[in-house]
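1. I would like the atomic coordinates for the input below:
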Amino acid sequence: MRGCWLDMNARAENDRYNVEAQLYLLQHMAYRMIFNSSRILSLGTPSSTDYENLPKITVISFLNFPYRKNHLDFHQPFGLFYKKDAELVTDKFDYHMIDIPKSREIKPDFSNPLHRSVVVLFRCGLPGSQ
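-> Purely as a prediction, here's the structure:
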């Protein structure tokens, strides 16, 4: 069963954003996120654009299921890195998985903007927030 209750694209100056929330388990979320960022880049950028002027693309997926069960942190960021030394290839692609069930298990640090946002979105009486 598939389901998405939010899928939004946004633009701020030269940056592009894709935000989605998945209710049901999808096995290949990382592939989906990379595909979405590639699509945003290819459809929204003229082919004559210089590479150094490409927009930064941030993809955020709120997951209502445990995706990386062996990792304790509810926030799993990833990017494009070289395999041998883990050096960042580019900061033009930025990916964030937010595990909603894990976020409910932590004691929020209200000095952290991500923690504050997750508390407001997923602990304040929204459907499924209990």
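2. Am I right that Ile40 falls within a helix?
-> Yes. With DSSP: H, G, I helix; E, B strand; the rest coil as the criterion, Ile40 is part of a helix.
3. May I have the predicted confidence score for the closest residue in space to it that isn't next to it in sequence?
-> Take Ile40 and drop its neighbours on the chain: the residue closest to it by CB to CB, 6 or more residues apart in numbering is Arg16, 5.0 Å away. Placement of C-beta: from N, CA and C, glycine included. Arg16 carries a pLDDT value of 93.
4. Surely Arg16 touches Asn9?
-> Yes. Using CB atoms under 8 Å, Arg16 is in contact with Asn9, at 7.2 Å.
5. ok, these two, which is more surrounded?
-> The neighbour comparison of Arg16 against Asn9 (other CB atoms under 10 Å) goes to Arg16, with 21 against 15.
6. Relative to Ile60, how far out is the residue at the greatest distance from the centre of the chain?
-> Most distant residue from the mean C-alpha position of the chain: Ser48, 27.9 Å away (CA atoms, centre = their mean). Plainly put, Ser48 is 29 Å away from Ile60 if you go by CB to CB, to the nearest Å.
7. How about the helix or strand bottoming out on mean pLDDT in the chain, which residues are buried there?
-> Within the chain, confidence by mean pLDDT, DSSP states H and E is lowest for strand 4-12 among all helices and strands, at a mean of 80. By 16 or more other CB atoms under 10 Å, strand 4-12 has no buried positions at all.
8. so after that strand, what's the next helix or strand?
-> strand 15-22 (DSSP states H and E).
9. Let me know the angle separating that following strand from strand 4-12.
-> Strand 15-22 and strand 4-12 are oriented at 170 degrees to each other (axes from the mean of the first three to the mean of the last three CA atoms, to 10 degrees).
10. quick one: strands adjacent to strand 15-22?
-> Paired neighbours of strand 15-22 in the sheet (DSSP bridges): strand 4-12 (antiparallel), strand 57-63 (parallel).
11. of all the ones you listed, which lies closest to Asp94?
-> strand 57-63 (4.5 Å; CB to CB).
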